[in-house]
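# I need the structure of the sequence given here:
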Amino acid sequence: MVLIPAKMGRINKRALLGRLQQVGRASRADLAKSVGLSQPTAGKIADELLRLGVLEEDEDVSPSAECAVKTADVRGKVGRPGRILRLDRSHPRFLAIQLGVSETKLAAMPIAADSEDRWAMVVKTPASAKTWVRRLQRAASRIPQNDFWGVLVSVPGIVDEPRARVLFSPNLHWTEGLDLSVLLQQVWHAPVLLVQEERALALGHQCVETKGDDFLLVDFGEGVGGAAIVAGKPYTNPLPLSGELGHTPVLGNRRKCGCGAAGCIETLVSMRGLLQSHAETNPRIRPTWESLCAKIQRTGIPGWLEETLDATAVVISGALNVLGLRRLIVTGTLTELPPAVMKYLAHAVVKGAMWARFGAVEVESAPRRRIAGLVAAGLDRLVLPMEERGGIDAAALGAVKSGRSLSGWLSYTE
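Purely as a prediction, here's the structure:
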């Protein structure tokens, strides 16, 4: 395949930006070496990203760090210490939104997102789109900035991301079929990007995690879902359906699920499912998360929870076997229970994973990194897309130079 110069330029920009996401900060010379570019090419890309506001120069660098990045000029002589670059963390570029079943969370974020989620504002998620927009409008009045490069939304359910549509949401039916972009642009005049919530978590973990291996991430909370990173990229399918582990049926389970079926694993291992089982087996105890944790700490993992974890491990190990992965990242409510719970789940997953017969299967717990994943998606699909059109172009660069808004120049093209 022959790459035309414009496409090669976008590939080089994405490579340089991806490297900075991994290492945090680096000189132009270090970036050139690590991504296989000439120093003049890497310098030109870095300067352009600086002008756009994607990168910034790190002014807080110790003398020893500066000495470590001295580079030779084109004549082989040692020049001035290279200026250290990093992702811009001084200016809020995106508005990140988590549309949850019970709460909607918001945060204005720079390009350099934190390694763990820190939401600035939380509002109740209502039962209708009209009320949701009204609550977002009130929230917007409390956000100092309203001019963003994009509004990035983490959405539960089966999501057609390119068309910004929720096709099916077992726990949030009012979102189905709506054009959420139109709703959100009533509040913020900016491009809107929908990202399925587990995919956002997986992207965030990939950005923050330096290990680099592929993995399956499974999140436990109001539901149960998963997303995989395979060959360094989010695993995708022909259909907008992926990682719906929570809707795998468990034999003998008769609980009704929001998807319309009965017996789904998430009716047992979601937060609501765990509290329901806790209440059924302890009628004299108030069924709270704190009382469940206290009981596990006091008497160990109860029999009903062992059965639930065993069923959950069967679903997860089956997914690892199908995808051919050996790393599992667990986020969400299960990681908030006493450590014995994750230890039990890890043992059960390894027991069912085929690769454990030949090598090591790793099970790790991690914090949710949804915001970092949303920002990564915004950079990938709004700022530096691979398409010929879309993203920040020359006209947008002119807007940056003159101090005008970028919102009108940013667009997403399928």
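
# Hmm, Lys295 and Asn282 touching each other?
Yes - contact status for Asn282 versus Lys295: in contact at 7.1 Å, counting by C-beta atoms under 8 Å. All C-beta atoms are positioned from the backbone trio N, CA, C, and that covers glycine.

# quick one, which of the two is more surrounded?
Each of Asn282 and Lys295 has its neighbours counted (other C-beta atoms under 10 Å); Lys295 has more, 18 against 15.

# Quick one: classify that one as helix, strand or coil.
For Lys295, the reduced secondary structure class is helix; criterion used: DSSP: H, G, I helix; E, B strand; the rest coil.

# who's in contact with it?
Residues in contact with Lys295 (C-beta atoms under 8 Å, 6 or more residues apart in numbering) are 278, 282, 285, 302.

# Mind telling me what element Val330 is part of?
For Val330, the host element (DSSP states H and E) is strand 327-332.

# Could you pull up the mean pLDDT of that strand?
Here strand 327-332 scores 97 as its mean pLDDT.

# Over to stretch 220-229?
Predicted confidence along stretch 220-229 averages 95 (mean pLDDT).

# on that earlier part again, tell me what the next helix or strand after the strand holding Val330 is packed against?
If you walk from strand 327-332 toward the C-terminus, the next helix or strand you reach (DSSP H and E) is helix 339-352. In terms of contacts (3 or more C-beta pairs under 8 Å, 6 or more residues apart in numbering; DSSP states H and E), helix 339-352 is packed against helix 303-323, strand 327-332, strand 362-365.

# Looking at strand pairing, list the partners for the residue nearest to Gly221 when sequence neighbours are not counted.
If you skip the residues right next to it in sequence, Gly221 has Gly332 as its closest partner in space, 4.5 Å away by C-beta to C-beta, 6 or more residues apart in numbering. On the basis of DSSP bridges, Gly332 is bridged to Phe220.

# What's the separation between Gly332 and Leu99?
Separation of Gly332 from Leu99 (C-beta to C-beta, to the nearest Å) stands at 16 Å.

# I'd like the contacts of Lys295 as JSON lines, with pLDDT and secondary structure appended.
Conversion of the contacts of Lys295 to JSON lines gives the following (pLDDT from 0 to 100; DSSP: H, G, I helix; E, B strand; the rest coil):
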{"residue": "His278", "pLDDT": "96", "secondary structure": "helix"}
{"residue": "Asn282", "pLDDT": "88", "secondary structure": "coil"}
{"residue": "Ile285", "pLDDT": "81", "secondary structure": "coil"}
{"residue": "Pro302", "pLDDT": "96", "secondary structure": "coil"}
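
# okay, among the residues you listed, which ones form the most distant pair?
The span of the contacts of Lys295, defined through C-beta to C-beta, is set by Ile285 and Pro302 at 11.5 Å.

# Between those two, tell me which one has more neighbours.
In this comparison of Ile285 against Pro302, neighbours counted by other C-beta under 10 Å, the higher total goes to Pro302 at 16 against 13.

# Now the more buried one, what are its backbone angles?
In this entry, Pro302 is assigned phi and psi values of phi -70, psi 160 (degrees, to the nearest 10).

# Would you enumerate the residues in contact with Ser128?
For Ser128, the residues meeting the contact criterion (C-beta under 8 Å, 6+ apart) are Trp174.

# wait, Lys124
With contacts defined as C-beta under 8 Å, 6+ apart, Lys124 is in contact with 102-104, 135.

# Show me the shaky parts of the stretch 51-200 of the chain.
60-82 (pLDDT under 70).

# now the strands for it?
55-57, 70-72, 78-81, 84-87, 94-99, 103-109, 121-124, 150-155, 158-160, 165-168, 192-196 (DSSP state E, counting those that start in this stretch).

# and of these, who's closest to Pro40?
Ranking these by their distance to Pro40 (criterion: C-beta to C-beta) puts strand 70-72 first, at 12.3 Å.
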